[in-house]
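Q: Only the shape, not the letters, is given here:
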């Protein structure tokens, strides 16, 4: 999983992108992006997104009988 966070001075926003293969909901590639005015809000969005991907992957693996 790759997470990048940067500040966009022109927009005065914290931007982020997340890319993963291992935790992709459908087993392929998955990308999410977002932006927030406050760094803490951007970090919380990233954490929430990762937790959601982990939950989805766990449920998919349980249905297929795969241990992750």
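A: Right, received. Where do you want to start? Treat the numbers as computed from the prediction; the structure is a model and nothing was measured.

Q: from what I can see, residue 43 looks like it's in a helix, true?
A: Yes. Checked against DSSP: H, G, I helix; E, B strand; the rest coil, residue 43 lies within a helix.

Q: how much space is there between it and residue 18?
A: 12 Å (Cβ to Cβ, to the nearest Å). All C-beta spots, glycine's among them, are computed from the backbone N, C-alpha and C.

Q: With neighbour numbers in mind, choose between the two.
A: More crowded of residue 43 and residue 18, by other Cβ atoms under 10 Å: residue 18, with 20 against 15.

Q: okay, now the spatially closest residue to that one that is not a sequence neighbour: neighbour count?
A: Nearest residue to residue 18 in three dimensions, chain neighbours excluded: residue 32, at 4.6 Å (Cβ to Cβ, 6 or more residues apart in numbering). The number of residues packed near residue 32 is 16, by other Cβ under 10 Å.

Q: and residue 32, what helix or strand is that in?
A: Assessed by DSSP states H and E, residue 32 sits inside strand 30-36.
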